[in-house]
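Student: Give me a 3D structure for the following:
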Amino acid sequence: MRREIFRAGRGEALALLRRAPTVHLATTTPEGAPVLRALDAAVLEDGVWFHGARAGEKARCLGRAAVVSAEELVAHLPSWMADPVRACPATTLYRSVQAHGTLEELTDSARKAEVLSALMARWQPEGRYRPLRADDPLYAGELRGILVLGVRLGEALDGKWKLLQNRTPEQIGAALEGLWARGAPGDVAAIEAVRAANPHAPEPSFLAAGIPGVRLQVALGEADAPAVRALLAGEYWWEGEPLALAGPSHLASTAWVGARDADGALVASARAMADPRHAWIYDVVVAPAWRGRGLGKRLVALLLDHPAVRRTRFVRLVTADAQGLYARFGFVDAAGKRRFGTSTEMVLVRDPPAGADAGAP
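Tutor: Got it, this is the predicted structure:
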């Protein structure tokens, strides 16, 4: 790798290989002709393995040098995020991984069954098939006939995370502000990827918490599901509901923002479901030890400005005890003061975009 600043750790590189929808195989035939294939693969501890036909082109490449690779697009950054005139600063943020080795065949039936079992577990997690075993007569013929091949994961495993590590703090800040302002699909995730790769860069203005010891975050993910379940445990609006649904509900949300303490623990969370016209806010929660410092207010402001929510005209929510908080943002009781038990529905009505038909809420 030309610039070590972009190098990712082996664990991160393996994780990318494992979650990639497909991997690419590059090798050559005995005559030297290039071969490039996109493949389903099982990434095990010792290698990247896939299957094929014994009469296929990949079989002819056995024993030859090969590369397997995968990549993820994080974001395209237009030139205007760095310079108002010059085209040259346009760039792409991405993660990529390559493993160099030799294309080899697995001949042991038990190992072949392990690879094929891993592929089935990945693409058919619901099961509904008899487990693949080398000693099962149901699969003995298939295991003998199928070609299982791949590249071992030795030391030549390179992960490259190109996420503005070579830019100045000012340039990183400008890119983060630009991503937030543009708000295209994937931009909030790109913001967190850039922040993670550049932990010492100053916070952009839209993430200024104004509360000592707090770091705001605009995109949370699967790893945060246990923490949000813990935050919501005992909250009145989840009474009688299985908390096991909290994680999937948050992961399915259009927007999910949060706040972390100095140790990285999640101490506040809020989410929304939105379409181009309506948004609903749910699950605004702050850990008891952090209440009374304005963190809930800051989180609601961040959520209302989230790219998935900021363009909606009608924003609704239901609350039993925080009407005053939401009134500060312009929320009022919904028409007819509809109530859900002891809770009140509130609505924020914003001006429609220029030229749009306002319609009715």
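
Student: Could I get the contacting residues of Leu116?
Tutor: Ala42, His51, Leu132, Leu143, Ile146, Val148 (Cβ atoms under 8 Å, 6 or more residues apart in numbering). C-beta here means a position set from N, CA and C on the backbone, and glycine is covered the same way.

Student: try 6 Å
Tutor: Leu116 sits next to Leu132 when contact means Cβ atoms under 6 Å, 6 or more residues apart in numbering.

Student: For this protein, name the helix or strand with the lowest mean pLDDT.
Tutor: strand 339-340 (a mean of 55; mean pLDDT, DSSP states H and E).

Student: Show residues contacting the next helix or strand along the chain from it.
Tutor: Later in the chain than strand 339-340, the nearest helix or strand by DSSP states H and E is strand 343-349. Under the criterion Cβ under 6 Å, 6+ apart, residues 314-320, 326, 330-331, 333-334, 338 lie in contact with strand 343-349.

Student: ranges for the helices of this protein?
Tutor: For the chain, the helices defined by DSSP state H occupy 10-19, 57-60, 109-123, 137-145, 169-182, 187-197, 225-232, 246-251, 295-304, 323-327.

Student: For the nearest residue in space to Val35 that is not next to it in sequence, grab the count of nearby residues.
Tutor: Of all residues not flanking Val35 in the chain, Thr27 sits nearest, at 5.0 Å (Cβ to Cβ, 6 or more residues apart in numbering). Around Thr27 sit 23 other residues, with neighbours defined as other Cβ atoms under 10 Å.

Student: Verify the contact between Thr27 and Arg64 for me.
Tutor: Yes. Counting by Cβ atoms under 6 Å, Arg64 is a contact partner of Thr27 at 5.4 Å.

Student: List of residues touching stretch 188-199?
Tutor: Taking Cβ under 6 Å, 6+ apart as the rule, stretch 188-199 contacts Val74, Ala75, Trp161, Leu163, Leu164, Gln165, Ile172, Leu176, Leu179, Val218, Ala219.

Student: for those, which one is nearest Ser253?
Tutor: Ala219 (10.7 Å; Cβ to Cβ).

Student: could you list every residue that touches the closest one?
Tutor: Ala219 is in contact with Val188, Ala189, Glu192, counting by Cβ under 6 Å, 6+ apart.

Student: From Pro204, how far out is the last one?
Tutor: This points to Glu192. Glu192 sits 12 Å away from Pro204 when distances are taken as Cβ to Cβ, to the nearest Å.

Student: got the residue ranges for the strands in the stretch 1-150 of the chain?
Tutor: Secondary structure of the stretch 1-150 of the chain by DSSP state E, counting those that start in this stretch: the strands cover 7-8, 23-28, 34-39, 42-43, 47-52, 65-77, 91-106, 147-152.

Student: Mind putting those strands into JSON lines with distance to Leu295?
Tutor: Listed next are the strands of the stretch 1-150 of the chain as JSON lines, based on distance: least, Cβ to Cβ, whole Å:
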{"stretch": "strand 7-8", "distance to Leu295": "33"}
{"stretch": "strand 23-28", "distance to Leu295": "43"}
{"stretch": "strand 34-39", "distance to Leu295": "46"}
{"stretch": "strand 42-43", "distance to Leu295": "40"}
{"stretch": "strand 47-52", "distance to Leu295": "44"}
{"stretch": "strand 65-77", "distance to Leu295": "28"}
{"stretch": "strand 91-106", "distance to Leu295": "30"}
{"stretch": "strand 147-152", "distance to Leu295": "49"}
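
Student: Dump the ones you listed into JSON lines; add mean pLDDT as well.
Tutor: Below are those laid out as JSON lines (pLDDT from 0 to 100):
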{"stretch": "strand 7-8", "mean pLDDT": "95"}
{"stretch": "strand 23-28", "mean pLDDT": "98"}
{"stretch": "strand 34-39", "mean pLDDT": "97"}
{"stretch": "strand 42-43", "mean pLDDT": "96"}
{"stretch": "strand 47-52", "mean pLDDT": "95"}
{"stretch": "strand 65-77", "mean pLDDT": "98"}
{"stretch": "strand 91-106", "mean pLDDT": "97"}
{"stretch": "strand 147-152", "mean pLDDT": "96"}
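
Student: Tell me which of these sits nearest to Pro248.
Tutor: Checked against Cβ to Cβ, the stretch from these lying closest is strand 65-77, at 22.9 Å.

Student: now for that closest one, which elements pack on it?
Tutor: strand 23-28, strand 91-106, helix 187-197 (3 or more Cβ pairs under 6 Å, 6 or more residues apart in numbering; DSSP states H and E).

Student: Outline the domain layout of this structure.
Tutor: The chain breaks down by automatic domain parsing into domains covering 4-162, 167-203, 209-349.

Student: Rounded mean pLDDT for the second one, please.
Tutor: Spelled out, that is domain 167-203. Computed over domain 167-203, the mean pLDDT rounds to 97.

Student: Show me the shaky parts of the stretch 201-350 of the chain.
Tutor: Counting by pLDDT under 70, the low-confidence segments of the stretch 201-350 of the chain come to 335-342.

Student: Show the residue spans covered by the strands in it.
Tutor: Under DSSP E, counting those that start in this stretch, the stretch 201-350 of the chain gives strands at 215-217, 255-260, 266-274, 278-286, 314-319, 332-333, 339-340, 343-349.

Student: How far does the first one sit from its chain's centre?
Tutor: Centre-to-centre, strand 215-217 and its host chain are 16 Å apart (Cα atoms, centre = their mean, to the nearest Å).

Student: what's the answer for stretch 197-216, then?
Tutor: That offset, for stretch 197-216, works out to 20 Å (Cα atoms, centre = their mean).

Student: Buried ones in it, by neighbour count?
Tutor: Judged by neighbour count using 16 or more other Cβ atoms under 10 Å, the buried positions of stretch 197-216 are Ala197, Asn198, Ala201, Pro204, Phe206, Leu207, Ala209, Val214, Arg215, Leu216.

Student: No more questions from me, cheers.
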